[in-house]
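Peer 1: fold the following, please.
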Amino acid sequence: MSRCACYRYCDNNGAMDDNRIGKRLAAARTYAKLSQQQLAKASGVSQSMISQIESGDRPNPGVLTTTSLEKALCVPHGHLSADDTTSRRRRASRSDRAARSVR
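Peer 2: Below is the predicted model:
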């Protein structure tokens with residue numbers, strides 16, 4: 001199973017990370033080889049907002065903001081804001097569906 005560049009922030013060994021969204025955003029943006037300015041243009045979210053999210057100054061961006069960023073980065077809906085258990089549950093359900101489709 002391949003993982004995105006931000007997998008290391010998806011599993012934080014049980015510790016709560018206040019800037020989880022910012023770290024995931026920065027990792028996904030870097031993986032996509034986009035600057036903050038390029039992501040801003042692609043997503044319609046201002047470069048200053050992206051900077052604030054990544055630095056943790058705005059740890060809880062709105063749903064429309066995260067959805068726009070996820071679309072521009074081509075990551076699954078909810079990927080940036082999903083908590084660790086949701087991410088694991090989503091991966092497990094994909095595996096279950098794949099196993100059922102083989103039968």
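Peer 1: so H77, which state does it fall into?
Peer 2: coil (DSSP: H, G, I helix; E, B strand; the rest coil).
Peer 1: give me the number of residues near the residue lying closest to it once chain neighbours are set aside?
Peer 2: Spatial nearest neighbour of H77, excluding adjacent residues (CB to CB, 6 or more residues apart in numbering): E70 at 5.9 Å. Every residue, glycine included, has its C-beta placed from N, CA and C. Using other CB atoms under 10 Å, E70 has 20 other residues around it.
Peer 1: could I get the phi/psi values of E70?
Peer 2: Backbone torsions of E70, given as degrees, to the nearest 10, read phi -60, psi -40.
Peer 1: I figured it was touching P76, is that so?
Peer 2: Yes - here E70 reaches P76: they are 7.1 Å apart, a contact under CB atoms under 8 Å.
Peer 1: pLDDT wise, what is D11 at?
Peer 2: With respect to pLDDT, D11 scores 46.
Peer 1: ok, Q52 - contacts?
Peer 2: Applying CB atoms under 8 Å, 6 or more residues apart in numbering, we find Q52 in contact with R58.
Peer 1: how about the helices in the chain?
Peer 2: With DSSP state H, the ranges of helices along the chain come out as 7-10, 20-31, 36-43, 47-55, 63-73, 84-102.
Peer 1: where does the protein dip in pLDDT?
Peer 2: 1-18, 83-103 (pLDDT under 70).
Peer 1: change it to 80
Peer 2: Per-residue confidence for the chain (pLDDT under 80) gives these ranges: 1-19, 82-103.
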